Structures are given as structure tokens and as C-alpha cells.
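# Return atomic coordinates for the entry below.
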Amino acid sequence: MPRRRPRRGSRSLLAGGLPIALSVAAGVTAQTTKVPSTLRHGSGLMDIPVAGVLADRAWTVTYSGFWTSNDTDVTTDASGNITGTEIFPGGWNSDLAVARGLLDFFEFGVNIQSLSDVDEGGTLWGAFGRLSILSPQTQPIGLAVGGRYSSSPNFGDGVEYAPNRLGTPDRRLRGQLGSRDIDTGFSFYAVAGWDLPGLPSSFLPDHDFSFTVGWGNGLFGEGSDLDWYASGDSGGWFAGVAWNLELAESRMLTFMSEYNGFDWNVGTQVDMSGVRVGAHLLGVNYASNTTVYRSSKFGLIASVALCGRGLCRASLRKRPDPDVVVLPAAPPDTVVVTRIQSPPPPAGTAVTLCLSTGEGVVVFLTSAGDTLVGPSRTPLSELRPAVALAGVYAENRAWFETGEPITVEQRSYGRTGSPVQLDCDAIRQVGEHLGVPLFARGTGGVVPETLYVPVRPGVWHPYALVPA
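Down below sits the predicted model:
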């Protein structure tokens with residue numbers, strides 16, 4: 001059997017392609033994104049999909065690769081049985097992928113695998129797509145279905161070969177191995193996901209946890225009965241978890257762990273306003289390097305996420321704070337005979353504030369400018385930070401303070417006029433921007449000419465539609 005040659009990827013693509021993408025990305029920042037880039041298949045964890053998809057009109061361009069360090073590997077016969085060993089120098093294996101989001105529920109893209117292996121098996125190419133049925137960021141559970149396609153290697157000997165899970169050509173993995181049919185060209189999958197808020201902490205930044213579980217055929221399960229290809233059989237099931245930390249505005253750090261049906265992988269990515277870099281260790285469950293598949297491999301990834309006319313902003317989904325109810329003190333256990341006249345509550349004018357949760361709350365405003373809450377009309381300033389009015393607001397956020405435009409359903413809106421007060425019964429939520437909900441007047445059915453951004457409780461700033 002001819003020796004398989006190591007593949008050494010073109011590092012010039014990383015040095016040349018990414019600066020071009022960065023120069024195109026210069027401009028106005030737009031939508032947000034949280035999900036990292038996979039090695040070869042758009043957004044997700046390292047090698048498994050997730051239930052979410054890229055935002056509408058968002059792009060990712062990703063270059064990734066890993067090193068193999070095996071000194072030897074096994075040889076096999078036409079039935080896939082091990083017959084001996086051969087020298088295997090290893091090398092750098094690289095891939096390039098481009099993905100596109102559409103209408104906030106569909107993601108698709110193409111990739112090039114084994115970039116430099118033109119002599120042994122050729123350069124492989126692939127395509128992928130995912131349809132989000134329920135988004136894990138807006139629903140208690142996210143659901144999606146999708147597929148991955150990969151072309152087959154061509155060694156020029158008339159034999160039909162099958163693509164493998166590493167994206168490399170391999171003479172040992174044929175479409176027919178004895179009585180086994182290896183069908184890895186197309187892989188279908190279904191995946192579910194949950195986003196859970198982080199734990200309260202005084203020293204950790206804002207964070208949350210993402211959990212993923214799914215099932216797939218093809219690359220997720222085929223070849224599990226080949227000793228040199230797999231060490232176990234999951235039946236196509238895969239799972240993963242990610243810990244997302246918002247280091248600062250548009251700065252996200254993600255730690256990931258996953259099982260792709262064969263390998264346990266761990267890794268991390270940092271997203272700096274749409275520019276992502278990361279490292280990963282594939283196959284941490286293998287104690288010894290018996291074959292290139294059953295061994296640990298270290299890799300790197302670099303990706304650029306573009307939204308509209310600029311780089312995407314990394315952001316956690318901001319969930320509104322729960323409504324805070326100020327309860328009166330508990331009644332005493334004994335009866336006090338002496339009656340004490342309580343002082344009257346502070347005077348104030350009753351005002352209904354419309355919160356960013358879409359609900360109104362009655363407070364009392366004094367002539368001195370204090371906001372009084374609760375039955376005892378306690379100044380809100382004395383209760384902070386333990387008690388605050390519910391909602392997420394734009395005040396003190398960089399994009400609001402600098403007057404950046406916002407984008408909703410492919411339409412751009414610019415800040416206009418002066419702050420106003422609104423009646424919660426006359427508005428509806430139409431989207432969000434960097435975690436802050438956006439509202440419009442009316443009941444729907446027409447494109448809103450004006451959006452209203454909650455600046456602080458009861459105060460809203462209008463944003464007017466910018467003509468195309």
C-alpha cells in the first residue's frame with residue numbers, strides 16, 4: 001500500500017486572507033453574536049453544531065488547523081483490518097470555511113479541507129447548512145436541524161473512498177470495506193440547546209452557560225466498528241457545553257468541551273469585536289497515540305465575524321431583572337396596647353413609568369426630584385443597589401452615548417429628537433440591540449418608521465428609519 005504523505009497547509013492563507021477580511025470589515029458595527037466558530041462548519045463549538053445560527057446577513061471567515069505528531073500509523077487491507085504499521089511523519093492540517101446567516105433562522109456555507117494535499121487524495125471541499133426551529137436565546141430550549149457534505153478523496157486508482165472526520169484524505173477509509181458500507185459523504189443531524197444564566201458573583205464578569213446535545217449519522221457515527229478509526233460507539237450522539245464570559249463590551253471569552261461521537265475535545269476562543277482567535281486540543285480521551293485518529297492533536301483557529309457593514313459585536317443576551325416588590329414589615333407576634341401614630345408618608349405625585357420590560361410601574365415623584373417606591377414611599381436612591389426598577393436600559397452604554405445607528409430586520413435607524421415618555425399599553429417590542437429591547441408604537445403589520453430605545457426607567461429616545 002502506498003505511504004500516505006503528511007499534509008502541510010498553506011500558512012500564507014492565514015497571513016494574507018485574514019487581513020483582507022479585516023480591511024473589508026472596517027466600518028459601522030451592527031448585530032451581535034455569541035456562538036464561536038467551528039473548525040470547518042460555520043458557527044458552533046469546535047466540531048459539533050449548536051441550536052442557534054448566525055444573525056441575518058452575518059458572515060464568518062474561518063481558518064483552522066491542527067498538528068499530528070504520530071511517528072507511525074497502521075496499515076490496513078481492503079476489508080479495513082489492520083495488517084501492519086508504517087512511518088507517518090505527521091504535519092499541519094488546515095481548512096478554510098465561509099458561513100452566512102440568513103433571516104436569523106438559517107445558516108449555510110462552504111469549506112475547503114486539506115488545503116495543501118494536492119498530490120495524495122487532492123483538496124477536499126464541502127458544504128453545510130442549519131435551520132433553527134427554536135432559538136435558545138429567546139426560548140427555554142433551542143432546536144435545529146442541518147446537514148454537512150464533504151467530497152471524497154481521489155487517489156486516481158478507480159477506488160471509491162470516503163471522507164473522514166478529520167477532513168483529510170485517507171486510502172484506508174473506502175466506501176466499501178469488506179461487508180461494511182462507509183457512507184460519510186452526507187451527514188444529517190438534529191440538535192437541541194439550552195442557554196442558562198450565570199451564577200451571581202462579585203468577582204466574575206457577566207457570564208452564562210450553553211448546553212448542547214444532538215444526534216447525527218454519517219461523520220457522527222460511521223466507522224465506529226473499525227479499531228484503528230474509533231475506540232467506541234456512541235450511535236451518532238454528540239454533546240457539548242460552553243462557558244461564555246463577557247469580559248467587556250464586545251469582548252467575549254468562551255471555554256468549550258464537547259464529544260463529537262468519537263473524540264472528547266476541549267478548547268477556548270476569545271472574540272474581540274468580531275475578530276476571533278482560539279486554541280483547541282482534539283482527542284483528549286486517548287491515552288496513547290495508536291493511530292492518527294486515536295491520538296491527541298493540538299490546533300489553532302482564527303476567524304472574522306462580519307455583520308452588515310462592519311464587525312459583529314460579541315454580547316450575552318441580557319435578560320431583564322425580575323420585578324422587585326417592596327413588602328411591608330411582618331406583623332409582631334405580640335399585641336401592643338399603646339397606639340403609636342405613624343408619620344404620614346412623604347408627599348409626592350403619582351406617576352406611571354413604562355419600563356423596558358413592557359410593563360408600567362407606579363412611583364411617586366417629589367418636588368426635589370426623588371423617586372419614591374413601595375407602600376412607605378422610600379426614596380429609590382436609598383435602596384440601591386439592592387433594589388432597582390426592572391429592565392435593561394441603554395444609559396451609559398457606549399453605542400448609545402456615541403449615537404451609533406441600530407439595525408432591525410435589515411433596516412437602519414438613527415437617533416433623532418429628544419427623550420420622550422411612553423405609555424406601555426401603546427407600544428410593542430420589535431427586537432433588541434446589544435441586549436437592550438427595542439419598541440415601536442402600534443400593534444404591528446407595518447414597518448415602523450420610529451423605534452424607541454429605553455434609556456432609563458420611564459425615559460425613551462426615538463430612532464428614525466434611515467432611507468435606503
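
# mind listing what residue 74 touches?
Residues in contact with residue 74 (CB atoms under 8 Å, 6 or more residues apart in numbering) are 82-86, 228, 290-291. Where C-beta positions appear, they are placed from N, C-alpha and C, glycine not excepted.

# Buried ones among those residues?
Among the contacts of residue 74, the ones that count as buried by 16 or more other CB atoms under 10 Å are 228, 290-291.

# and residue 143, bridged to which residues?
Note on residue 143: beta-bridge partners by DSSP bridges are residue 134, residue 192.

# domains for this protein, by residue range?
For the chain, automatic domain parsing gives the domain ranges 11-314, 353-468.

# which of these sits most buried?
domain 11-314 (a mean of 19; mean count of other CB atoms under 10 Å).

# Now that domain: average pLDDT?
Here domain 11-314 scores 84 as its mean pLDDT.

# How far does that domain sit from its chain's centre?
Counting by CA atoms, centre = their mean, to the nearest Å, domain 11-314 is centred 13 Å from the centre of its parent chain.

# so where do the strands sit in the stretch 351-468 of the chain?
360-365, 371-373, 378-379, 406-408, 411-415, 427-433, 436-441, 450-456, 459-465 (DSSP state E, counting those that start in this stretch).

# tilt between the last one and strand 427-433?
Meaning strand 459-465. Strand 459-465 and strand 427-433 are oriented at 70 degrees to each other (axes from the mean of the first three to the mean of the last three CA atoms, to 10 degrees).

# and strand 459-465, what other elements does it pack with?
strand 411-415, strand 450-456 (3 or more CB pairs under 8 Å, 6 or more residues apart in numbering; DSSP states H and E).

# For the buried ones among the contacts of residue 74, please prepare TSV with the additional fields distance to residue 271.
Putting the buried ones among the contacts of residue 74 into TSV (distance: CB to CB, whole Å) gives the following:
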residue	distance to residue 271
228	37
290	36
291	34
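
# Among those residues, find me the one that's closest to residue 68.
Using CB to CB, residue 291 comes nearest to residue 68 of the buried ones among the contacts of residue 74, at 10.1 Å.

# residues touching the closest one, list them.
Residue 291 neighbours (CB under 8 Å, 6+ apart): 70, 73-74, 228-229.

# host element of it?
In this structure, residue 291 is located outside every helix and strand according to DSSP states H and E.

# for the one 10 residues further on, same thing?
Of the helices and strands defined by DSSP H and E, residue 301 is found in strand 297-307.

# what packs against that strand?
Using 3+ CB pairs under 8 Å, 6+ apart, strand 297-307 is in contact with helix 11-25, strand 32-33, strand 58-68, strand 264-272, strand 275-282.

# Report the inter-axis angle for that strand versus strand 58-68.
Calculated by the same axes, to 10 degrees, strand 297-307 forms an angle of 170 degrees with strand 58-68.

# Okay, now the sheet partners of the helix or strand following strand 297-307, with direction.
Next helix or strand after strand 297-307 toward the C-terminus (DSSP H and E): strand 310-311. Sheet pairing of strand 310-311 (DSSP bridges) gives strand 297-307 (antiparallel).
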